[in-house]
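Let me see the structure of the following:
(chains A and B)
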Number of protein chains: 2
Amino acid sequence: MFSPVNEKFLNKLRDILGDDFVLTDDEALSHASRDETEDLCFPPDVVVRPKTPQEISSILKLANIENIPVTPRGGGTGLSGGALPVHKGIVLYLDRMNKIIEIDRENLFVVTETGVITETLKDAVEEVGLFYPPDPASKGSCFIGGNLAENAGGPRAVKYGVTKDWVYGLEVVLPNGEIINPGGKLLKNVTGYNLTQLFVGSEVLIAAFDDPFDACQTVPAMFHAGLNPSACEFVERDVIQMALQHLDKKLPNSDAAAQLLIEFDGNDEDQLSEETEKAGMVCMEGHNDLGGGAIDVILANTGQRVNEIWEIRSACGEAVKSHSVYKEEDTVVPRAKLPDLFVGVKTICAERCVKSACYGHAGDGNLHVNLLKDTLTDDEWETKLPPTITEIFEHCVSLGGTISGEHGIGWSQKAYLHLATSYEEIKLMKSLKNVLDPNGILNPGKVFE
Amino acid sequence: MFSPVNEKFLNKLRDILGDDFVLTDDEALSHASRDETEDLCFPPDVVVRPKTPQEISSILKLANIENIPVTPRGGGTGLSGGALPVHKGIVLYLDRMNKIIEIDRENLFVVTETGVITETLKDAVEEVGLFYPPDPASKGSCFIGGNLAENAGGPRAVKYGVTKDWVYGLEVVLPNGEIINPGGKLLKNVTGYNLTQLFVGSEVLIAAFDDPFDACQTVPAMFHAGLNPSACEFVERDVIQMALQHLDKKLPNSDAAAQLLIEFDGNDEDQLSEETEKAGMVCMEGHNDLGGGAIDVILANTGQRVNEIWEIRSACGEAVKSHSVYKEEDTVVPRAKLPDLFVGVKTICAERCVKSACYGHAGDGNLHVNLLKDTLTDDEWETKLPPTITEIFEHCVSLGGTISGEHGIGWSQKAYLHLATSYEEIKLMKSLKNVLDPNGILNPGKVFE
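Below is the predicted model:
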């Protein structure tokens, strides 16, 4: 289907980039063969490290002529295999495009290259009193360009939106090598927040429940009561215990069946206290026939305690990963359907004897379902996994949901795309992809064949 | 290029819709021949009034087979001629699809048909304690579907965003008649506000300036000071006086060269007063070497006074329209460039002896520039208008801006699209349009040829 990469082609890449930035050594190829998606491994033929859009344009024009696939790579933290060169060819590694070009305080915009680490960007704007809200779990190593590609979210999305809500202009190298500049510093929206205005601080409630279903039911009740938390996270007992063990930390009520972590931020101390107090009452009072209130609610209201809670929450992914071979699914439903999603997932897993551990952005209806290999044999795992995933996704779609809230389809979910997307929509996506990339050289094998 | 509409074709439409909803009488054709874009008039051959997506699908499939153009029409309030059937054929009038299907308080979503009047939708959600923020000037008669098509804004966009920021799922009839359902009740964002939480009220400052440039300079200063107004509008003297005359109302300082109308909303009385007071000081203190502060600032802090101010602001468009033949341009620049945009517009108009009257959403950098025929002869008007518009748009683009903030390109601005959009981008848009609508039957003649 594609042509092989030969020495003549490598020399053409060296003409564009210089010898230092065309890599074929084992270390470079091995690094580019993996992201954070389970244990997938696809080494490319060559890794290139361009510095400018013009260099990317030249690479893409050459790749079209020579029929070589090109797979862009950012921080390599993706959870759907989007950065993996499944058809070999070129990995376009964007780590050298790591400059923040301008922080425009007058217009509240930042102009940045694609390879800047998200946390670096957040810190840089905070230094001049501004706030970039999206905070994916991988923010310490992911690139802002990858955040755009996957439309990254994170806990604060429930109040402040996802990456796309904060992007106003782009410089785009099209698959054919043409460069376009849609958008710009033009708003018809808020495009930045002044920290001085928004934050005197934040407080987090940790509400422990003896039934995860009750915790899920409390989430829509919170919003129904007129509260607008800046984060509302759900964590199952197994996950919180794995995270605490991973960090060697303790948390009261860590043996409760589930926890909600509910954060409020604001610019008025009194109002903040009032909201937190009201949220605590919503947690305690219960929202079903059997009561269903929290068994305990703890308040973290110092900067240090708030940070500790977020450190525990942030460790959940890593803790699950180090506990067992796993497969993470990124289900999302309308917020009020979260209890039904959770119960369905648990029932399906119990029936199929697959262990699961769930946590996620409950305020968004976004539940990360981790299926664990645990004590299953390799054969059992391989056999049980696909039908379990299919059934979970079918249940999710039946609740008005879809199969990825923030991780994307990439390579690892494409077998399931048809469960959430109609034949007509997939056909349309393919037609649009074909207009943009008629030779199919850009990131082939992702989303659909 | 297209086939003519004959009786046989009309009968096929009648088979789909029934006789009552296939209209060829003079009144129906005349109504569909105009929108609010100057004095343009393009009568169609037939107006159809479908009730369901399935009927629209059947009409589009038929139109593709018979090669007849189809132009959708909502409330007919557009300012760029988007709804005008410039190649005749069918007008797809969506007034019968006017049901609000569901207000989902659990998930904070509303599900609505396309032909619901925006204000009806706003009122309906407010009745159950929710808030739909976009508020285009035409909200009393425009349809929500048209708001999506043009991505309508309005004064409150500066804080709450434009229409696209509030849309999460769609049922779309593609030009080929296929129906797709992208999105859904899935958030990774705020999707509704509880009024109870957000609003105890709003206050408006009316700041009068003796130089419009000073007013423009005050706008970025306001945001720089950490304030986050829910509206920040600019109105030139001529426009405010036309509006007052139109309504037979009075306003203090109405002879000042320009006014800023700055609204704050919030859920805490004290904080609201504090913000308004701080904004008043930002207005008074001046932001250039010559001072440049407001000559007076008045506070409207009762519901009735706030409504009166918005009534005057809302009348600006109608007042200019009834004053003179005019052409309205919808320039938008990065907020801090608003003073440069304004001065440039005034200089260009003075040099070319064309009268202009400006107002708009200053907080968004969005200035509506009305060029007035006034005492010019028809010949002078026809001769002077195109080069004046070109020069204004070139100036706007040189400031990092573009040629339409919220009205769209439609028919009336397509001659100028190339000023703001590169050859590569236009080529790409045409390719995408061609995939979606290979026979070019849907709304032909708009945006580009």
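
Low-confidence ranges, chain A, go.
A:184-200 (pLDDT under 70).

got the domain boundaries for it?
A:7-96, A:100-180, A:201-317, A:324-422 (automatic domain parsing).

Tabulate these (JSON lines), appending mean neighbour count.
In short, each C-beta sits where N, CA and C put it, glycine included. Below are the domains of chain A laid out as JSON lines (neighbours: other Cβ atoms under 10 Å in any protein chain shown):
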{"stretch": "domain A:7-96", "mean neighbour count": "19"}
{"stretch": "domain A:100-180", "mean neighbour count": "20"}
{"stretch": "domain A:201-317", "mean neighbour count": "19"}
{"stretch": "domain A:324-422", "mean neighbour count": "20"}
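
Turn those into JSON lines, columns for distance to B:Glu449.
Shown next, in JSON lines, are those (distance: least, Cβ to Cβ, whole Å):
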{"stretch": "domain A:7-96", "distance to B:Glu449": "28"}
{"stretch": "domain A:100-180", "distance to B:Glu449": "20"}
{"stretch": "domain A:201-317", "distance to B:Glu449": "47"}
{"stretch": "domain A:324-422", "distance to B:Glu449": "32"}
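
With respect to B:Leu272, which of the ones you listed lies nearest?
Among these, the nearest to B:Leu272 by Cβ to Cβ is domain A:201-317 (11.0 Å).

hang on, the earlier thing: export the domains of chain A as CSV, with columns for distance to chain B.
Below are the domains of chain A laid out as CSV (distance: least, Cβ to the nearest Cβ, whole Å):
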stretch, distance to chain B
domain A:7-96, 11
domain A:100-180, 4
domain A:201-317, 4
domain A:324-422, 4
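
Out of those domains, the one nearest B:Gly201 is which?
Of all those, domain A:201-317 comes closest under Cβ to Cβ, at 15.2 Å.

just how off-centre is the closest one within its chain?
Put simply, domain A:201-317 sits 21 Å off its chain's centre (Cα atoms, centre = their mean, to the nearest Å).

try stretch A:442-449
Going by Cα atoms, centre = their mean, where stretch A:442-449 is centred and where its chain is centred differ by 19 Å.

And the contacts of it?
A:2, A:60, A:69-72, A:81-82, A:86-87, A:175, A:409-411, A:414, A:417, A:426, A:429-430, A:436 (Cβ atoms under 8 Å, 6 or more residues apart in numbering or on different chains).

same question, stretch A:299-307
Applying Cβ under 8 Å, 6+ apart, the contact partners of stretch A:299-307 are A:Gly201, A:Ser202, A:Glu203, A:Val204, A:Leu205, A:Ile206, A:Glu263, A:Thr276, A:Gly280, A:Glu308, A:Ile309.

Among the contacts of stretch A:442-449, name the ones in strands.
Among the contacts of stretch A:442-449, the members found in strands (DSSP state E) are A:Val70, A:Thr71, A:Pro72.

pretty sure the second one contacts A:Pro85?
What it means is A:Thr71. Yes: the criterion here is Cβ atoms under 8 Å, and A:Thr71 meets it with A:Pro85 at 4.2 Å.

Report the set of residues contacting both of those two.
Shared contacts of A:Thr71 and A:Pro85, counting by Cβ under 8 Å, 6+ apart, come down to A:Pro44, A:Val91.

how long is stretch A:412-422 end to end?
19 Å (Cα to Cα, to the nearest Å).

Which members of the contacts of stretch A:299-307 are the farthest-apart pair?
A:Gly280 and A:Glu308 (18.9 Å).

contact partners of stretch A:134-142?
Contacts for stretch A:134-142 (Cβ under 8 Å, 6+ apart): A:36, A:74-77, A:117-119, A:122, A:147, A:152-157, A:160-163, A:166, A:314, A:317, A:406.

Using the three-state scheme, assign A:Glu277.
helix (DSSP: H, G, I helix; E, B strand; the rest coil).

can you check A:Leu260 too?
strand.

tell me the contacts of it?
A:205-207, A:209, A:215, A:218-219, A:232-234, A:283, A:294, A:362.

Filter those residues down to just the ones in helices.
A:Ala215, A:Thr218, A:Val219, A:Cys283 (DSSP state H).

would CSV of those with distance to A:Val47 be doable?
Below are those laid out as CSV (distance: Cβ to Cβ, whole Å):
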residue, distance to A:Val47
A:Ala215, 45
A:Thr218, 48
A:Val219, 43
A:Cys283, 50
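
closest to B:Glu106 among those?
Nearest to B:Glu106 among the ones in helices among the contacts of A:Leu260, with distances taken as Cβ to Cβ, is A:Val219, at 10.3 Å.

can you map out the helices along the stretch 101-250 of chain A?
A:118-127, A:144-150, A:157-160, A:195-198, A:212-224, A:237-247 (DSSP state H, counting those that start in this stretch).

among those helices, which is nearest B:Val110?
helix A:212-224 (15.0 Å).

which strands and helices sit next to the closest one?
strand A:201-209, strand A:231-236, strand A:258-266, helix A:269-285, helix A:338-351 (3 or more Cβ pairs under 8 Å, 6 or more residues apart in numbering or on different chains; DSSP states H and E).

now those in CSV, with distance to A:Lys321?
Output for the helices and strands packed on helix A:212-224, formatted as CSV (distance: least, Cβ to Cβ, whole Å):
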stretch, distance to A:Lys321
strand A:201-209, 23
strand A:231-236, 15
strand A:258-266, 20
helix A:269-285, 29
helix A:338-351, 18
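
From A:Tyr160, how far out is A:Thr112?
18 Å (Cβ to Cβ, to the nearest Å).

let me fix that: A:Ile262
Relative to A:Tyr160, and taking Cβ to Cβ, A:Ile262 is found at 15 Å.

Same question for A:Pro175.
32 Å.

for A:Ser412, same thing?
28 Å.

OK, contacts around A:Val22?
Each residue near A:Val22 by Cβ under 8 Å, 6+ apart is listed here: A:Leu10, A:Leu13, A:Arg14, A:Val46, A:Val47, A:Val48.
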